[in-house]
Every structure is written in structure tokens, then in C-alpha cells.
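**Q** what's the 3D shape of this:
(one chain, ligands or ions: 1)
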Amino acid sequence: MPFSGLKLHPALVRGIKDLGYVKPTPIQSNAIPPAMDGRDVLATAMTGSGKTAAFLLPLLHRLMDRSRGTTRALVLTPTRELAAQVLADLEDLGRHTPVKGAAIFGGVGMVPQEAAFRRGADVLIATPGRLLDHLQYPYARLDSIEHVVLDEADRMLDMGFLPDVTRILRRLPARRQTLLFSATMPAPIVKLTREMLHNAARIDLQRKAAPASGITQAVYPVPHQLKAALFATMLERGDIKQALVFTRTKHRADRIMKYLVKHGVKAERIHGNRSQAQRTAALSGFKSGAFRVLVATDIAARGIDVEALGHVVNFDVPTMPEDYIHRVGRTARAESTGEAYTLVSPEEQSELRAIERAVGKQLPRVIVSGFDYSAKPDTVLEVPIAERIAGIQARKAEERARAKVNAARRARNEAAGKSGSRKSGGRKPRVRSRATSR
Ligand code: AMP
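**A** Purely as a prediction, here's the structure:
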């Protein structure tokens, strides 16, 4: 069915045309009609499916009917990046409409956001924590909300935002339309949908939690300490032109970025310890091609939208299969093609097996020819836990040995003092509670 079959407002059809969308994605053709009719919608949809337009188009359509000046729609997202992305999509799709949106998220000043409340921006796109900060003040009123969207509900659950979401939902008028989008449906989300949705149209396009079909997935077995070197080799050989790289920790993201820069690769990183301005700069540099690699932790990367992103690289194997599916959804947006590579060390085999079970197939293993898999690592990105523990134990043993020597010396000195031998100066035993440790 073409977009014209959806009977969207002509101003939206123009916006869609400007963006070059030819036909609706499956989630769009399934979710838009019931949402336009004002029904609640419960959709299992992951990033890359076109889910954002699937809720924005019916919202915009319905907001065209009346005058402006009050906030009538609220979109809740788990991260700042996703909120910013949804706002950008709203501005794109709604460019020929008078509907205006505003983003409400942490890490930036409250004042411009307060202004959005005061002027009654048509749509607020908010992260739960910052929205609750505003809701303490009288200017922040949600009593004219008619439509609410929970985007990436499972991610909000993962991030511990569900209590905040519930608090916000309680502040909204009971008579409203609720649209809930989630890549997966864990039990707490199912419970939430039972409480919050009424007679919802259910759209479950993912028979199996599997990434979009255009994605080539491959596994690169490699010793833990050689991951950085292997990745640098893959970049050098031109196997990967531009990539979003996921790591387990912020610390590793920093180290990998530095390693790559040292090896002549233009790279940046994005994670929770970076300021909003730094994140925005890293993201736009990556989008413009100034950086070839963007290293990110999972949470920070939510909502990153990079058109036709060719490669996603899991530098570390995600521990949750859903995270793998989410990450891989970053590539092959809206049915184009992409590649998702995962570097797997021998210690990560069980996580890999869980992922293969979730995607329902075995992923091909790839050996990079010419790469020396038995080389001595040229960097230590992170001291492995066993080595860290061994280090601590060695240090403790050293401290104990030193304390023993000191105690023996004290005992000797005391004994010498008691025997009345003061000729030596009777030096007082030095009190030292513990050996100095580094
Ligand atoms: P998301 O909304 O995160 O699933 O993103 C889907 C991506 O596909 C975004 O980059 C959109 O711009 C793009 N997109 C959404 N709908 C369509 C469509 N009907 N045709 C082509 N691209 C689309």
C-alpha cells in the first residue's frame, strides 16, 4: 500500500515525499490506521523498523485539527539522544504543518524547557527524570494531554525508569490515547500495558526477535587482548568504512577510542560521562564523516540515528541477547542493508550462544587472513579480572610479609629495652599500623 492509502493530512504527505519515503514500512502500515482512529496501540517494533514515523504521523495528523497553544501530546523516551532524534523526525515529517515540538531532557538547562511548557508546545518529547523535575513546578501542566507515546518501553524498564513512567502516567488525564512501542515484551511491560492500554490494536511483526533481514551478521573469534589490534586491522584493510562500535564500559570506550586515534583512525566516543555538548559534537562529527568510528556504550547509543550506517561492531559481546538485537538494529535501517560484526573472545562463548538462540541461527565465524592471532598484545585495554585479583593478592601478601618483619623488629626492640640495655640509645619501637601500600 502506498502512503496515499493511509489518508494522512496532505501536509504530512508532502513531508513524507520530501524525505523520500516511497512506501510505508510494515509497522507504519499496521500502526498508522488504528492510531489515526484514536485507538490505543501496542506494537512490538525495534529500531530500524520505521517505528518513529509510525507514531509521529498519526500524532501529527490528529494535532492538525485544532488550534495551538496547549500541549496535547507527550512522547516518553529512555534517552536524551532518542528524544532529540524523535524531535528531529517530528520537525522533518511535520515541516509543512504548524505543529511544534520541544524536547525535555537532562544535561542541558531547564529554562528553555520551561519556556516550552509555558508556550504550550504541541508535542513534548521527554525523558522521564527531567520531566519529573519540571513537574514539581506549577508551570508544568499535563492536564490537556490527549495522546501519549511510550517509545522503547523495554529500554525504559532496563534503565530503571518504570516507576518514573508510572508516576508520570498517573498525572495524565485518564481519557487519552496511549501508544506503546517496545522491541521486546518482558513481564513488567506486559503488566504496564494491561494497566495503561484499553482495547489496544496489537501489532506484533516480529515473530522472532531477530534483526532486520538485510543485515549480514558475522562473528570474529579473537583472544580478548587482541580485539583492538584486530579491529584496527579490519579498518586498515578497508573491510569497514565507518562503524558504530559498542563496548561494555565507559572506560573501555575511552581506551578503544584512544587506541584508534593513536593508530591514525579518526574516532570519537559517546557515553554517560560525556557532557551533552560533547555527545552532540561526537554524533554530528560521525554523521558528517569527520569521524570514521564512534565508540559508544549501549545506553548512550540508544536513539542514535545514522542514515545508512554500514557497520555496527560489537567490540564486546552484549550479555543480553535483546541488547544484541537492539544494537544490530542500528544498521540496515528501514530495510536497507548493513553489516554487524561481533568480536568474541573465548570467555564470551556462552553469551554468544544465548544470542544465537535468540536470533534462531548460528552466525558465521570469520578469520581475518593475515592477522596474527598469536601476536603479543600491543595494548591492555583492561586488566582482566583474574589478573586484577592476582595483583591484589600479591600486594596483600607483600604487606603481610612486611608487617611480619616489622612486628619481629618491634618484639626484638622491646626485648632489648626490657633487658635494661640502654647503651644503644633505647630507641622507641616505631609504631606502624600497616605497611604502606601503593
Ligand atoms: P526508526 O524510526 O528508528 O525505526 O528509524 C527508521 C529509519 O528509517 C529512519 O532513519 C527513518 O528516517 C527511516 N524511515 C522511516 N520510515 C521510512 C519509510 N517509510 N521509508 C524509508 N525510510 C524510512
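
**Q** I'd like to check which residues are in contact with residue 167.
**A** Contact criterion C-beta atoms under 8 Å, 6 or more residues apart in numbering gives residue 132 as the residues in contact with residue 167. C-beta: built from backbone N, CA, C; applies to glycine.

**Q** that's a strand at it, yeah?
**A** No: checked against DSSP: H, G, I helix; E, B strand; the rest coil, residue 167 lies outside a strand; its state is helix.

**Q** Next one: it relative to the ligand, how far apart?
**A** Computed as C-beta to the nearest ligand atom, to the nearest Å, the residue 167 to the ligand distance reads 26 Å.

**Q** again, but for residue 227
**A** Residue 227 sits 28 Å away from the ligand, taking C-beta to the nearest ligand atom as the criterion.

**Q** That residue belongs to a strand?
**A** No: counting by three-state DSSP, residue 227 is located in no strand; its state is helix.

**Q** Just the C-alpha atoms of stretch 364-379, please, in PDB.
**A** What follows is stretch 364-379, C-alpha atoms only, in PDB (Å, rounded to 0.1, in the frame of the first residue of the first chain):
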ATOM      1  CA  PRO A 364      29.200 -17.400  10.600                       C
ATOM      2  CA  ARG A 365      32.700 -17.300  12.100                       C
ATOM      3  CA  VAL A 366      35.200 -15.200  10.200                       C
ATOM      4  CA  ILE A 367      39.000 -15.400  10.400                       C
ATOM      5  CA  VAL A 368      40.900 -12.300   9.100                       C
ATOM      6  CA  SER A 369      43.600 -13.600   6.900                       C
ATOM      7  CA  GLY A 370      47.000 -12.200   7.500                       C
ATOM      8  CA  PHE A 371      46.200 -11.200  11.100                       C
ATOM      9  CA  ASP A 372      48.500 -12.700  13.600                       C
ATOM     10  CA  TYR A 373      46.200 -14.300  16.200                       C
ATOM     11  CA  SER A 374      49.100 -15.400  18.400                       C
ATOM     12  CA  ALA A 375      50.700 -11.900  18.400                       C
ATOM     13  CA  LYS A 376      51.700 -10.300  21.700                       C
ATOM     14  CA  PRO A 377      49.100  -7.700  22.500                       C
ATOM     15  CA  ASP A 378      50.300  -4.200  21.900                       C
ATOM     16  CA  THR A 379      47.800  -2.700  24.400                       C
END
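
**Q** how far out from the middle of the chain is it?
**A** Put simply, stretch 364-379 sits 29 Å off its chain's centre (C-alpha atoms, centre = their mean, to the nearest Å).

**Q** quick one: least confident helix or strand in the chain?
**A** helix 298-301 (a mean of 66; mean pLDDT, DSSP states H and E).

**Q** burial of the residue lying closest to residue 128 once chain neighbours are set aside, as a residue count?
**A** Nearest in space to residue 128, with sequence neighbours left out and distances taken as C-beta to C-beta, 6 or more residues apart in numbering, is residue 164 at 3.8 Å. Residue 164 sits with 18 neighbouring residues when counted by other C-beta atoms under 10 Å.

**Q** pretty sure residue 164 is touching residue 132, no?
**A** Yes: at 5.8 Å, residue 164 counts as touching residue 132 under the criterion of C-beta atoms under 8 Å.

**Q** quick revisit: what element comes up after the least confident helix or strand of the chain heading to the C-terminus?
**A** Counting by DSSP states H and E, the next helix or strand C-terminal to helix 298-301 is strand 311-314.

**Q** What is the three-state secondary structure of the residue nearest to residue 128?
**A** Assignment for residue 164 (three-state DSSP): helix.

**Q** contacting residues for it?
**A** Taking C-beta under 8 Å, 6+ apart as the test, what residue 164 contacts is 128, 129, 132.
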